Every structure is written in structure tokens, then in C-alpha cells.
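[1] Model the structure of this input:
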Amino acid sequence: MRIYLDHNAGSPLRREARDAIERLLGDDVANPSSVHRSGQRARRALEIAREQVAAAIGAKPRQIIFTSGGTESNNAAISGAVNALPARRRIVTTAIEHSSILAPLAELESKGRDVVRIAPDSEGTVAAADVLSALDRNTALVTVGLVNGEVGAIQDVASLAREALAVGALFHVDAAQALGRISIDVNTIGCDLMTLSGHKVGAPAGIGAIYVRDPARVTPMILGGPQESAMRAGTQNLLGAVAFGAAVEAATRDIGAEAARLYALTEQLLAALTAQIAGLSVNGPRDRRVANTLNLTFPGVLGETMLIALDLESVELSMGSACAAGSVEPSHVLLAMGRSAADALSSLRLSLGWNTTANDLSAAATTIVRVWARVSSAEPRPLAAESLT
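    Below you'll find the model as predicted:
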């Protein structure tokens with residue numbers, strides 16, 4: 001039996017999402033833009049899904065635009081804001097955002113935009129005062145993640161929207177890692193734009209959404225048709241949207257109880273690991289953190305080696321790092337938090353979800369301790385400083 005502890009990368013398909021897909025497939029899927037009866041049935045299914053997603057964040061259905069996922073939504077938020085305010089050259093963000101935020105901002109910076117990246121503290125929390133101090137009348141966009149996907153830190157985004165509005169900037173929140181894990185209300189936050197992702201809550205990959213408070217304030221994402229309130233042309237991913245709606249409804253139905261369950265499980269897992277692995281350390285806050293996420297530095301081992309060894313033992317988790325051209329890079333999040341490159345390369349992320357059980361974690365803890373002991377004893381030791389002279 002495989003134990004899956006990588007829900008922040010993608011949650012397994014929920015039964016509710018699977019059932020929604022199967023019901024729709026049995027109804028002869030049509031184009032939601034078609035005016036015939038089958039098209040009208042498809043349109044009703046699409047709009048029900050839109051209502052389900054909107055309800056999860058306190059939005060109006062017309063404010064939800066379906067996309068292909070979180071990456072597209074993040075890119076669309078950035079381009080939609082800066083294109084709508086071309087005279088404003090500044091963008092304010094943090095140093096620990098997802099690559100789908102950081103990469104398009106780096107591209108804009110290379111073309112002359114002023115990008116300010118606010119550093120977090122040692123727990124991965126960004127001070128609201130630091131973000132606010134970077135705002136000025138030249139700011140087009142403020143973009144901050146609600147929950148950091150690597151260490152689970154929850155950011156205080158609600159205190160930022162009013163100040164962004166005061167200087168005429170748009171405020172975007174990446175909530176891909178927050179949806180279904182903490183309660184979200186766009187009206188309480190006061191954001192202009194919010195990114196949502198389907199596969200983080202148990203829908204298939206390839207579906208997401210962006211909340212747009214006022215479409216008149218941002219430019220469209222894709223031109224060429226009236227779909228999605230003329231904000232994103234093209235025939236919608238009906239199966240994905242219906243699955244997303246069902247999954248997010250299930251994920252938010254008893255969100256408080258589920259968060260309490262996952263918090264108890266992560267605490268039990270952490271206690272079991274710290275009791276048997278001397279020097280194990282936690283990356284991220286102990287309190288203001290989503291309940292399902294643990295980022296741990298394992299002493300005396302490379303995280304990549306642990307990851308491969310654990311996979312062979314049927315425990316699936318991930319490194320808080322990006323892989324490119326076959327090489328593993330230290331996590332930019334952990335480096336921004338002040339961790340050394342060596343510690344970042346020795347860190348693993350364990351993220352729980354809707355199908356994680358206490359038995360899973362008991363077995364995982366036993367396996368992780370055993371694998372760490374074996375790997376740490378086999379890892380080459382660094383040369384002592386005196387041997388280098």
C-alpha cells in the first residue's frame with residue numbers, strides 16, 4: 001500500500017468529483033455555448049459549478065472565471081493588472097511566491113518594471129508593514145500568496161487590500177494552497193483578484209479559476225469569444241469545471257472539522273519523528289500554519305536521497321525545491337527564510353489531505369525513521385576543516 005503525503009502538489013481525485021464527471025458523461029456532453037437543448041443542459045451544469053466555486057470564497061458566481069489552473073490564473077492576474085495600468089511601473093510581491101508569480105514578474109522586470117520582493121521572517125511569515133512600506137502611487141499591483149505551499153505559513157493579506165486600494169493599485173491573492181484548507185471570504189479580504197486551483201482540492205488537474213471583483217478594472221485574458229464574460233475566450237473545460245465544483249463543495253463542507261483532524265495528525269506525526277530523529281527541525285510557523293503541511297529538515301542526509309528511498313518504501317512526499325535539467329536546486333522559500341543551502345537541500349515537505357488516515361501516518365513515521373537511519377549512516381561525511389589545511 002502506498003502512502004501519499006503530497007497533497008500540496010496535487011490531491012487525489014475525490015469521489016464527489018469522480019461521480020460528477022460520470023454523471024455528466026452519461027448525459028452526452030455538449031458545448032455550453034450552443035443554444036440547443038444539449039447545449040443548455042451543459043450550460044446549466046457549468047453554471048452550477050460556478051456557483052459552487054463562488055460559494056466557497058464568498059463571491060458572486062459572475063465573478064468566477066474558469067481557467068486551466070493556478071498557473072494561468074496567476075499569469076492572468078499579473079498581465080490583466082499591469083496592462084490595465086500601463087503608466088504605473090511598480091509591482092509589489094514577496095520573495096516566497098510560487099514560480100507562476102515570480103517568473104512572469106521577472107520577465108516584466110527585464111522589460112523595465114520595478115518589482116519589489118518583500119523578504120519573510122525566519123518562519124516564512126511576511127510582515128504586512130513591510131509590504132505597505134513598498135506601496136506608492138506608481139504601484140500597479142500587489143500580489144501575495146494567502147498560504148505558502150512549501151512551509152504552510154498563512155499570510156495576513158486582509159490588512160493589505162485597503163492600503164493597495166488607497167494608492168490605486170490592484171490587489172491579487174494567490175489562494176491555490178488555501179482553498180479547502182482555511183475559510184476564505186473575498187469580501188473580508190477585500191482583494192480585486194484571487195487565484196484558485198482545482199487539483200489542490202481533489203478535482204482533476206487542468207482546471208482552476210480566477211475571482212475578478214470588477215472585470216472593468218483588468219484586461220481580458222484571452223480574446224476571441226464571449227465565453228467567461230468575455231474575459232477568457234474559448235470553449236470551457238466543462239468536465240473539469242463540474243468536477244472542480246463538486247470537489248470544492250466537498251472540501252469546504254466541514255472545513256473546520258477537517259482542519260482539526262489534519263492538525264492532530266500532523267502533530268502526531270511530528271511527535272513520532274522528533275522522538276526518534278535527533279536534530280530534526282521544522283521550517284515554518286508552528287501556529288499560523290495550515291493544518292496539513294509539515295516542512296522538515298532531516299539532519300545528515302540529502303533530501304533527494306531520502307525522497308527516492310522513501311518512494312521505494314511506498315511513501316510519497318516531495319522536496320521543497322525545483323528540479324531543472326536533472327539537478328535539484330535549494331528551495332527559494334527556505335533560502336529566503338534564512339536557511340542555508342545545505343539545510344534547504346536536506347528538507348522535505350509532507351502534506352496531508354482528505355484521504356490521509358491515522359494508520360497511514362503511523363506506518364509513514366515508522367518508515368521515515370527507518371529510512372533516515374539507513375540513509376544518514378550511508379551519506380558521505382563532509383571533511384573536517386582541519387583536514388583541508
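
[2] all contacts plus neighbour counts: C-alpha atoms, from now on.
    Will do.

[3] count of residues packed around Glu379?
    By the criterion of other CA atoms under 10 Å, Glu379 has 12 neighbours.

[4] check contacts around the nearest residue to it once chain neighbours are set aside.
    Counting by CA to CA, 6 or more residues apart in numbering, Glu379 lies nearest to Val301, which is 6.3 Å off, once chain neighbours are set aside. Neighbouring residues of Val301 by CA atoms under 8 Å, 6 or more residues apart in numbering: 346, 372, 375-376, 379.

[5] Filter the residues you listed down to the buried ones.
    Among the contacts of Val301, those scoring as buried are 346, 372, 375-376 (criterion: 16 or more other CA atoms under 10 Å).

[6] I'd like to know which of these is nearest to Glu316.
    Trp372 (14.5 Å; CA to CA).

[7] element containing the closest one?
    helix 358-378 (DSSP states H and E).

[8] Restrict that helix to CA atoms and write it as PDB.
    The C-alpha coordinates for helix 358-378 follow below in PDB (Å, rounded to 0.1, in the frame of the first residue of the first chain):
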ATOM      1  CA  ALA A 358      -4.000   7.800  11.300                       C
ATOM      2  CA  ASN A 359      -2.900   4.400  10.100                       C
ATOM      3  CA  ASP A 360      -1.200   6.000   7.100                       C
ATOM      4  CA  LEU A 361       0.800   8.300   9.400                       C
ATOM      5  CA  SER A 362       1.700   5.600  11.900                       C
ATOM      6  CA  ALA A 363       3.200   3.500   9.100                       C
ATOM      7  CA  ALA A 364       4.800   6.500   7.400                       C
ATOM      8  CA  ALA A 365       6.500   7.600  10.700                       C
ATOM      9  CA  THR A 366       8.000   4.100  11.100                       C
ATOM     10  CA  THR A 367       9.200   4.000   7.600                       C
ATOM     11  CA  ILE A 368      10.600   7.500   7.600                       C
ATOM     12  CA  VAL A 369      12.600   6.900  10.800                       C
ATOM     13  CA  ARG A 370      14.000   3.600   9.400                       C
ATOM     14  CA  VAL A 371      14.900   5.200   6.000                       C
ATOM     15  CA  TRP A 372      16.500   8.200   7.700                       C
ATOM     16  CA  ALA A 373      18.700   6.000   9.900                       C
ATOM     17  CA  ARG A 374      19.800   3.900   6.900                       C
ATOM     18  CA  VAL A 375      20.500   6.900   4.600                       C
ATOM     19  CA  SER A 376      22.200   9.000   7.200                       C
ATOM     20  CA  SER A 377      24.600   6.200   8.100                       C
ATOM     21  CA  ALA A 378      25.400   5.800   4.400                       C
END
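
[9] and the residue nearest to Ser351 when sequence neighbours are not counted, what pLDDT?
    Closest residue in space to Ser351, ignoring its immediate chain neighbours: Thr293 at 4.5 Å, by CA to CA, 6+ apart. At Thr293, the pLDDT value in this model is 97.

[10] Count the neighbours of Asn31 for me.
    17.

[11] what's near enough to touch it?
    38-39, 42-43, 235.

[12] quick one: which of these has the most company?
    Ala42 (24 neighbours).
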